[in-house]
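Participant: quick one, structure for this:
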Amino acid sequence: MTFRRLAPAAGFALFVGAARLAGQAPMTVDVDAREAPRRVFHARLRIPAAAGPLTLLYPQWLPGEHSPTGPIADLAGLRFSAGGRTLPWKRDPVDMYAFHLDVPAGAGAVEVALDFLSPAAAQAFTSGPSSTPELALVSWNQVLLYPKSVPPDELVCAASLRLPEGWKYGTALAIAREGADGIAFAPVSLTALVDSPVLAGAHFRTVTLDGGPIPHRIRIAADGDAALAMRPEEEAAYRNLVAETGALFGARHYRHYDFLLTLSDHVAHFGLEHHESSDDRVAERSLIDEDARRMMAGLLPHEMVHSWNGKYRRPADLAPGHFDQPMQGDLLWVYEGLTEYLGQVLAARAKLLTPAQYREALAETAGEMDIQRGRDWRPLADTAVAAQILFPARPDGGAWRRGTDFYPESELLWLEADTIIRSESAGKRSLDDFCRLFHGAPGGPPAVRPYRFEDVVAALNQVAPYDWSGFWKARLEGTRSRAPLDGIAAGGWRLAYGPTPTEMQRAAEETGRLVDARFSLGFTVDDDGDIPDVIPESPAARAGVAGGSKLVAVNGRRYSRDLLRDAIRDSAWRPVELIVENGDAFATHRLEYSGGERYPRLERDETRPDLLSKITAPLVPASAATP
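Facilitator: Okay, the predicted model is just below:
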């Protein structure tokens, strides 16, 4: 197979296929989700095809997931026919996502029947649980095959959907008609269809944030009505977010935008970006429990930023144009790292987080990266290149293996870049100017403008001349034992540690039902005693505690969170002794530690200007963000 590279200056629209090929018979995708409560989705496809050999593909490489995550193992009941005749088929012995068959003479199309079995057990991203008895998220890539011979941008699809009785729904797709037999969507390209999931449920609510010429809405489905409540100040903050993104980027590359927010404890929890919507899945009480609300504060801003950074402007090697062609993640430090930085800043500007809570979250990121021992051997650039390997990696050994650090560590690097721009321009420019230049005008319908490393450097130099190529190469390609904290320092703050958790750290511990002792003993542990990983060279590691083990007792008593915290606080006068279960073996570990509880925080450096406060200051007056 060929790998279609797109030149950095090139761009392509996602919705031109339907207009250009309006005279061509579309591929139809009819999905029956009435058994979604049983986690079963039925699909019937009609694919125009000429007589002769035909190869059909199941989407493998999915935009935004950066990995070959198409859940083909959950495909079942596959049958092909043409002209009323059943067609034999054969899976490709090398490309497991390809199916070969022969179309008989006289047949103008192949009909396909298939079922998709949504999993019950937790998995990653959209391949994880996507339905409960009360709601479902329909990802079109899971319920279709498509001809290999037609690029997804040029294949027109007419999709329809049937839902359980009484369920409501939300999607970025335009509705052609709606009736007792289901919903028919306006034809779009296959690329746009896969980019437009549908959220549906028995308990559903729409919050309109901006009803203007470019509408913005939050579509919410939950496992119960109580979870749908949203405080007025929360709605106001999300309206602020719409206004702040407009001010930051100066243009919108969508016709409308829908947050598809799933509230359930029984689906996979993550966020996935799309051009005109985002798939955001969190715990059921995330809108009504204050700790859970704080933990999700950066999620919707992050995914919305992706409409500009990741969807509109996309690394060329992450935009192959085909779902069967591998993606290369070397620029994920821009795609995800810059988005992580902007998402947190926007959460503060929109008042989803207070400035203090923003700093607390930033301190947690800085502290987490500072104890990351994998950076001793693995450069940050390799975490991006190896993303498809690292996403599914198990937690034990993660601090030495290193994970997808192109998210959190790149946040620190983009903060540093922001402070450099402000310094070099004597405060006249900032990273906001880069965002408007790189991601901004002209606005319009969804489109993709690919880029490469040199384009990022050139745009930064337009904003503030500097050795940006050297800056990024040194930080991405080198290794060093400490986290890159220069941006925090230049922002007028310093990383420090205190004996009590900050508000954000306490919320993280409560929602995760865990003790975060990474900065003292060297591990986290939940209510079940599970220790997912141990920080290399920490007191726990030196005492022989292994990641993937279970904490049974602390100082001779059965483990509880309070008991462990007491032991850490008392460590100055009494050793911490742990009984740990590792497989079938039990062992007692005496930890050499006497420093009490330690949690990262930021302290003000009065010798430097407070740039962090300037960075998080709103761009739009609060009154301008109201409908």
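Participant: helices of the stretch 151-300 of the chain, residue ranges please.
Facilitator: 190-194, 232-249, 290-295, 299-305 (DSSP state H, counting those that start in this stretch).
Participant: any chance of CSV for the ones you listed, columns mean neighbour count?
Facilitator: Glycine gets a C-beta too; all of them are placed from N, C-alpha and C. Formatted as CSV, the helices of the stretch 151-300 of the chain follow (neighbours: other Cβ atoms under 10 Å):
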stretch, mean neighbour count
helix 190-194, 25
helix 232-249, 20
helix 290-295, 18
helix 299-305, 25
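Participant: closest one to Leu380 among the ones you listed?
Facilitator: Nearest to Leu380 among the helices of the stretch 151-300 of the chain is helix 299-305; the distance by Cβ to Cβ comes to 19.1 Å.
Participant: please state the offset of the next helix or strand after that closest one from the chain centre?
Facilitator: Following helix 299-305 in sequence order, the next helix or strand is strand 313-315 (DSSP states H and E). Computed by Cα atoms, centre = their mean, to the nearest Å, the chain-centroid distance of strand 313-315 equals 16 Å.
Participant: again with stretch 558-570
Facilitator: 34 Å.
Participant: circling back: as JSON lines, the helices of the stretch 151-300 of the chain with mean pLDDT would be great.
Facilitator: Formatted as JSON lines, the helices of the stretch 151-300 of the chain follow (pLDDT from 0 to 100):
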{"stretch": "helix 190-194", "mean pLDDT": "97"}
{"stretch": "helix 232-249", "mean pLDDT": "97"}
{"stretch": "helix 290-295", "mean pLDDT": "96"}
{"stretch": "helix 299-305", "mean pLDDT": "98"}
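Participant: low pLDDT regions in this protein?
Facilitator: 1-24, 122-123, 623-627 (pLDDT under 70).
Participant: picking that back up, reformat the helices of the stretch 151-300 of the chain as TSV; add distance to Ala381.
Facilitator: Output for the helices of the stretch 151-300 of the chain, formatted as TSV (distance: least, Cβ to Cβ, whole Å):
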stretch	distance to Ala381
helix 190-194	29
helix 232-249	27
helix 290-295	29
helix 299-305	22
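Participant: for Ile220, what are its contacts?
Facilitator: Going by Cβ atoms under 8 Å, 6 or more residues apart in numbering, Ile220 touches 204-207, 228, 230, 261, 263, 287.
Participant: inside strands: which ones of those residues?
Facilitator: 204-207, 261, 263 (DSSP state E).
Participant: for ChimeraX, what selects the buried ones among those residues?
Facilitator: In ChimeraX syntax, the buried subset of those is picked out as below (16 or more other Cβ atoms under 10 Å):
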select :204,205,207,261,263
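Participant: right, and the pair among the ones in strands among the contacts of Ile220 with maximum separation?
Facilitator: Thr206 and Leu263 (13.9 Å).
Participant: count the residues that sit near Arg217.
Facilitator: When neighbours are counted by other Cβ atoms under 10 Å, Arg217 registers 19.
Participant: which ones are touching it?
Facilitator: Taking Cβ under 8 Å, 6+ apart as the definition, contacts of Arg217 comprise 170, 206-209, 256-259.
Participant: between the residues you listed, which is closest to Phe116?
Facilitator: Distances from Phe116 to these, taken by Cβ to Cβ, are shortest for Gly170, at 20.4 Å.
Participant: surely the closest one and Val198 touch.
Facilitator: Yes - contact criterion Cβ atoms under 8 Å: Gly170 and Val198 qualify, at 7.3 Å.
Participant: spatially central, which residue of this structure would that be?
Facilitator: With distances taken as Cα atoms, centre = their mean, Gly271 lies nearest the centre of the chain, 3.9 Å away.
Participant: give me the contacts around stretch 26-41.
Facilitator: 42-48, 115-120, 129, 131-134, 136, 138, 140, 142-144, 146, 155-165, 187, 190, 193, 200.
Participant: give me that answer again for 6 Å
Facilitator: Stretch 26-41 is contacted from outside by 42-47, 116, 118, 131, 133, 136, 138, 143-144, 156-164, 187, using Cβ atoms under 6 Å, 6 or more residues apart in numbering.
Participant: returning to that earlier point: quick check: the residue nearest to the centre of the chain vs Glu303, distance?
Facilitator: Shown here: Gly271 relative to Glu303, a distance of 4 Å by Cβ to Cβ, to the nearest Å.
Participant: just Pro129 next, same as before
Facilitator: On the measure of Cβ to Cβ, Pro129 and Glu303 end up 19 Å apart.
Participant: got it, and Ser549?
Facilitator: 35 Å.
Participant: before we move on, the earlier item: drop anything exposed from the contacts of stretch 26-41.
Facilitator: Buried, going by 16+ other Cβ under 10 Å: 42-47, 116, 118, 131, 136, 138, 143-144, 156-164, 187, out of the contacts of stretch 26-41.
Participant: could you list which of the residues you listed belong to strands?
Facilitator: Going by DSSP E, the strands hold 42-47, 116, 131, 136, 138, 156-162 from the buried ones among the contacts of stretch 26-41.
Participant: circling back to that earlier point, ok, the contacts of Arg217 vs Asn555, which is closest?
Facilitator: Nearest to Asn555 among the contacts of Arg217, with distances taken as Cβ to Cβ, is Phe259, at 47.0 Å.
Participant: tally of neighbours for that closest one?
Facilitator: Counted with other Cβ under 10 Å, Phe259 comes out at 24.
Participant: skipping adjacent residues, who's closest to it in space?
Facilitator: Ile218 (4.4 Å; Cβ to Cβ, 6 or more residues apart in numbering).
Participant: and that neighbour, what does it touch?
Facilitator: Counted by Cβ under 6 Å, 6+ apart, Ile218 has contacts 207, 259, 261.
Participant: quick check: bridge partners of the first one?
Facilitator: Think Val207. Ile218 (DSSP bridges).
Participant: for Tyr97, give me its contacts.
Facilitator: 57-58, 60, 72.
Participant: hmm, try it at 8 Å
Facilitator: With Cβ under 8 Å, 6+ apart, Tyr97 has these contacts: 57-60, 70, 72, 324.
Participant: if we only consider the residues you listed, which is nearest to Ala176?
Facilitator: Pro59 (23.2 Å).
Participant: the closest one: neighbouring residues, count only.
Facilitator: Neighbours of Pro59 (other Cβ under 10 Å): 25.
Participant: is it true that it touches Leu144?
Facilitator: Yes - when contacts are counted by Cβ under 8 Å, Pro59 is listed as touching Leu144 (7.4 Å).
Participant: identify the farthest-apart pair in the contacts of Arg217.
Facilitator: So, the contacts of Arg217 by Cβ to Cβ: farthest apart are Val207 and His256, at 14.1 Å.
Participant: what's the spacing between Arg557 and Ala567?
Facilitator: Look at Arg557 and Ala567: by Cβ to Cβ, they are 9 Å apart.
Participant: looking at those two, which one has more neighbours?
Facilitator: Ala567 (22 against 11).
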